[in-house]
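A.B. asks: Any chance you could fold what I've pasted below:
(chains A and B)
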Amino acid sequence: MTAKASRSTAYDPIPLPTERRAPLEPPEALAALRSDGGVHRLRYPDGHVGWLVTSYELGRKVLCDKRFSLCNIFRSPSGDQEKRAAHAAAVRAPEISAGIMATRDRPEHTRLRRSVARHFTVRALEDRRTRITDIVRSRLDVMEESAQPVDFVETFALAVSSLTLCDLFVLPPSDRSGFERFTAVQEEPDASVEDKIEATLSFRAYARDVVRRKRAEPADDLLSDLIHAGDFSEDQVVGMIVQMLTAGHDTMNGTLALSCYLLLQEPSVWERLRADPAAIDNAVEELLRYLTLIQTGAFTRTATEDVELADVVVREGEGVTVSLTAANRDPTRFPDPDRFDIDRDARGHLAFGHGVHMCLGQHLARLVMQIGLTELIQRFPSLRLAIPAEDVRLYADDVLVRGVYELPVRF
Amino acid sequence: MKIEIDRECCASSGMCVRAAPAVFDQDGEDGRVRLVLDAAPAQHAEAVRLAVEECPTGALALREDDEPAE
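C.D. replies: Next up, the predicted model:
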């Protein structure tokens, strides 16, 4: 096989493609990279040269190969390098990254994950269906009582996400501000590094206060279990709380908002879901695949030894970014991949990642999407955008998580 | 068919439960995979194969029987 010789383009470093032709399409340049072998040299903003994986098969392989470490996830493939470096330096400190599961390798990662995993099983979350439905309906009530146009993000998507987490962790709804402010600052393009560091520290202070409250009044809940098990340091417990609250609400918010944004532009799909509520399960898998919320790629992996990947060799110490959006549009896995089709078989998509770090909250996300979208469509069958679709502001293309700043709707 | 489980590898993702709920469950201690007690995997062969394929950590494997089913 002369693959190495003929694919010299694999060795010219490129920056991460982020420019799109249309808001819900992946960055344009990814498709060509995927058809040309699916692994290419990537220039990270910090100057490091690693690899970008764009094919489904290689993406899956990297994500479940234990030779890749999560030790350096702060090496981001996109964004303003100086800002990120300053922020990363502040949050990389051991006492701040302790317990953040996404940054840990085995065996520590296994201990952390297994200490809470029983609260995130398919069955445990299915048991919360009624409570989630109540939260969703209460927010639909608020929408109904609000002056129109209503901001779907503030009134529904963000509220449902945060309140579901408060319910899961048995925190008062007023705790929302404790974690929402942190993500608002991270997503704010004009926020200074100082703002972001301050937001990180005050989020941790809030999480420390949660630990104090749960210690003072233990209950039969996830956080009390975690604290009273005594297996982890205070910094680790604080980190776990920060990890779960961050990972849980911003992604959920973005997914609900983008799903609504997309479905409002697909009236035949909207009508189909209204008439046939059973179609929602598969529709949710297709929404997850098509939207692929983690847009710049899975957290950066670092090779701990030389690894052969297709026709290249990733050397020890080199970074690898798996483009989840490119993998989820791979025609060898998902025929006619750019078609939004709620009847296709979207199983096996990588929207939640793969491997041991696969999203711990994925079944909660599915449940909230299924219930949230079904109830929304039943309650407001003639929901529509209050502004032209092209005027809706989405988060910038170089931030990790996709989202919508504001989604004005009428019903 | 025989299902081989490597519980050490399991990350409690629950993907097997989604694919084949008649065959797989998650334990109450740390959410790792366990087989449903009186499940007959051969009756859910396709779902079981899907579960094995979807497992994010490779904790599941299948050994097809050489002999015909009893």
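A.B. asks: C-alpha only now, for contacts and for neighbours.
C.D. replies: Noted.
A.B. asks: does the lengthiest helix in chain B come close to chain A?
C.D. replies: Counting by DSSP state H, the longest helix found in chain B is helix B:45-54. Yes - counting by CA under 8 Å from any CA of the partner chain, chain A is contacted by helix B:45-54 at residue B:54.
A.B. asks: I'd like the next helix or strand past that helix.
C.D. replies: strand B:60-63 (DSSP states H and E).
A.B. asks: I'd say residue A:165 and residue A:245 touch.
C.D. replies: Yes - applying CA atoms under 8 Å, one finds residue A:165 in contact with residue A:245, separated by 7.1 Å.
A.B. asks: picking up where we left off before, buried stuff in the longest helix of chain B?
C.D. replies: B:47-54 (16 or more other CA atoms under 10 Å in any protein chain shown).
A.B. asks: from those residues, which is closest to chain A?
C.D. replies: residue B:54 (6.1 Å; CA to the nearest CA).
A.B. asks: Contacts only, for that closest one.
C.D. replies: Residue B:54 makes contact with A:348, B:15-16, B:19, according to CA atoms under 8 Å, 6 or more residues apart in numbering or on different chains.
A.B. asks: same deal with residue A:76?
C.D. replies: Here residue A:76 is in contact with A:44-45, A:84, A:299-300 (CA under 8 Å, 6+ apart).
A.B. asks: What are the contacting residues of stretch A:384-393?
C.D. replies: Contacts of stretch A:384-393 (CA under 8 Å, 6+ apart): A:149, A:261, A:264-265, A:404-411.
A.B. asks: chain center to that stretch, what's the gap?
C.D. replies: Stretch A:384-393 sits 23 Å away from the centroid of its parent chain (CA atoms, centre = their mean, to the nearest Å).
A.B. asks: What of stretch A:265-283?
C.D. replies: 24 Å.
A.B. asks: likewise stretch B:54-70?
C.D. replies: 8 Å.
A.B. asks: How about residue A:118: what's its closest non-neighbour residue?
C.D. replies: residue B:31 (4.4 Å; CA to CA, 6 or more residues apart in numbering or on different chains).
A.B. asks: Hmm, that neighbour is touching residue A:117, no?
C.D. replies: Yes - the criterion here is CA under 8 Å, and residue B:31 meets it with residue A:117 at 5.4 Å.
A.B. asks: Show me the common contact partners of these two, please.
C.D. replies: residue B:12.
A.B. asks: So what's the residue count around whatever residue of the stretch 51-200 of chain A ends up closest to chain B?
C.D. replies: Minimum separation of the stretch 51-200 of chain A from chain B (CA to the nearest CA) falls at residue A:118, amounting to 4.4 Å. For residue A:118, the tally of surrounding residues (other CA atoms under 10 Å in any protein chain shown) stands at 21.
A.B. asks: Could you do residue A:196 as well?
C.D. replies: 22.
A.B. asks: which sections of chain B are below the confidence cut-off?
C.D. replies: B:66-70 (pLDDT under 70).
A.B. asks: any chance you could map the strands in it?
C.D. replies: With DSSP state E as the criterion, chain B has strands at B:2-5, B:24-26, B:33-35, B:60-63.
A.B. asks: can you list these in a markdown table and add mean neighbour count and distance to chain A?
C.D. replies: Output for these, formatted as a markdown table (neighbours: other CA atoms under 10 Å in any protein chain shown; distance: least, CA to the nearest CA, whole Å):
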| stretch | mean neighbour count | distance to chain A |
| --- | --- | --- |
| strand B:2-5 | 14 | 15 |
| strand B:24-26 | 23 | 7 |
| strand B:33-35 | 19 | 10 |
| strand B:60-63 | 15 | 13 |
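A.B. asks: what distance separates stretch A:108-125 from the middle of the whole chain?
C.D. replies: With CA atoms, centre = their mean, you get 18 Å for stretch A:108-125.
A.B. asks: gap between the two ends of it?
C.D. replies: 25 Å (CA to CA, to the nearest Å).
A.B. asks: Let me see the mean pLDDT of it.
C.D. replies: Averaged over stretch A:108-125, pLDDT sits at 95.
A.B. asks: And for stretch A:263-270?
C.D. replies: 98.
A.B. asks: got any ranges where the stretch 151-300 of chain A has weak pLDDT?
C.D. replies: In the stretch 151-300 of chain A, no residues with pLDDT under 70.
A.B. asks: Can you show me the helices along it?
C.D. replies: Assigned by DSSP state H, counting those that start in this stretch, the stretch 151-300 of chain A shows helices spanning A:152, A:158-169, A:176-187, A:193-216, A:222-229, A:234-263, A:267-275, A:280-291.
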